[in-house]
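*Asks:* Mind folding the following:
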Amino acid sequence: MLKIGLAFAVSFVCLVQVAQAEIYECDGKWTNQPCESGKAQRTIHEVTRSYSPPEAPEVSAPAGDDVIEGAQSSAGSVALEPLAPRTDLIRKLRKQSDDYKRKGGVTLSSGQLEGFRRACEDRTKPFSDCLAAFNDQSQKLTALNQKQDQLQIDAQRNEIEADKVKAIRGR
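*Replies:* Down below sits the predicted model:
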């Protein structure tokens, strides 16, 4: 058991040393070994990289500095806005509709969701159009579900009133 632990420790140390990388330019050639003459013309040191998860995007129009709508690039093509904020809105509306579906409320039809998706993924239109459509659909969905909730409350209230009337008449 001690031999296995010692072998593991030695192999780990060897791997750590191999993982450290510096690149040297020796006589016009790049290599990961130090120059035989001892003098490197240039050396590139190891770069450490760390992963940081992306932050949740804000639901707002992208900054004007990032992309100018309809601007011509040097190749003559039209610059497009990024797709990620648009797909985030699509997912958010679909999730909102699914949440209402789970609660037994009013949802958007698959055709409505598909139409919103197509309109939002059209990157030749400004993001503000997609954002306005999202806000409109979201507000309509919320209003319909609030109205349905109110109708259910009214129906329960009417049922209670009817039960009271029956109880009074039954005396």
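*Asks:* could you show me where the strands are in this structure, in order?
*Replies:* Secondary structure of the chain (DSSP state E): strands at 23-26, 29-31, 42-44.
*Asks:* For the helix of greatest length in the chain, enumerate the helices and strands it packs against.
*Replies:* Identified as the longest helix of the chain according to DSSP state H is helix 127-169. When contacts are defined as 3 or more CB pairs under 8 Å, 6 or more residues apart in numbering; DSSP states H and E, helix 127-169 packs onto helix 84-102, helix 110-121. In this view, the C-beta of every residue, glycine as well, is placed from N, C-alpha and C.
*Asks:* mind listing what's buried in the longest one?
*Replies:* Residues of helix 84-102 classed as buried under the neighbour-count rule (16 or more other CB atoms under 10 Å) are 85-86, 88-90, 93-94, 96-97, 100.
*Asks:* Then the shortest one?
*Replies:* Taking 16+ other CB under 10 Å as the basis for neighbour counts, the residues of helix 110-121 that come out buried are 113, 116-117, 120.
*Asks:* what's the answer for stretch 26-44, then?
*Replies:* Neighbour-count burial for stretch 26-44, with 16+ other CB under 10 Å as criterion, is recorded at 26, 40.
*Asks:* Of the helices and strands packed on helix 127-169, which is nearest residue 25?
*Replies:* Residue 25 lies closest to helix 84-102 among the helices and strands packed on helix 127-169, at 39.3 Å (CB to CB).
*Asks:* Just the C-alphas of the closest one, formatted as PDB.
*Replies:* Once non-C-alpha atoms are left out, helix 84-102 reads as follows in PDB (Å, rounded to 0.1, in the frame of the first residue of the first chain):
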ATOM      1  CA  ALA A  84     -27.900  35.700 -26.700                       C
ATOM      2  CA  PRO A  85     -30.100  38.400 -25.100                       C
ATOM      3  CA  ARG A  86     -32.900  37.600 -27.600                       C
ATOM      4  CA  THR A  87     -32.800  33.900 -26.800                       C
ATOM      5  CA  ASP A  88     -32.800  34.700 -23.100                       C
ATOM      6  CA  LEU A  89     -36.100  36.600 -23.600                       C
ATOM      7  CA  ILE A  90     -37.500  33.700 -25.600                       C
ATOM      8  CA  ARG A  91     -36.600  31.300 -22.800                       C
ATOM      9  CA  LYS A  92     -38.000  33.600 -20.100                       C
ATOM     10  CA  LEU A  93     -41.400  34.000 -21.800                       C
ATOM     11  CA  ARG A  94     -41.600  30.200 -22.400                       C
ATOM     12  CA  LYS A  95     -40.800  29.600 -18.800                       C
ATOM     13  CA  GLN A  96     -43.400  32.100 -17.600                       C
ATOM     14  CA  SER A  97     -46.000  30.400 -19.800                       C
ATOM     15  CA  ASP A  98     -44.900  26.900 -18.500                       C
ATOM     16  CA  ASP A  99     -45.100  28.100 -14.900                       C
ATOM     17  CA  TYR A 100     -48.700  29.300 -15.500                       C
ATOM     18  CA  LYS A 101     -49.500  26.000 -17.200                       C
ATOM     19  CA  ARG A 102     -48.300  24.000 -14.100                       C
END
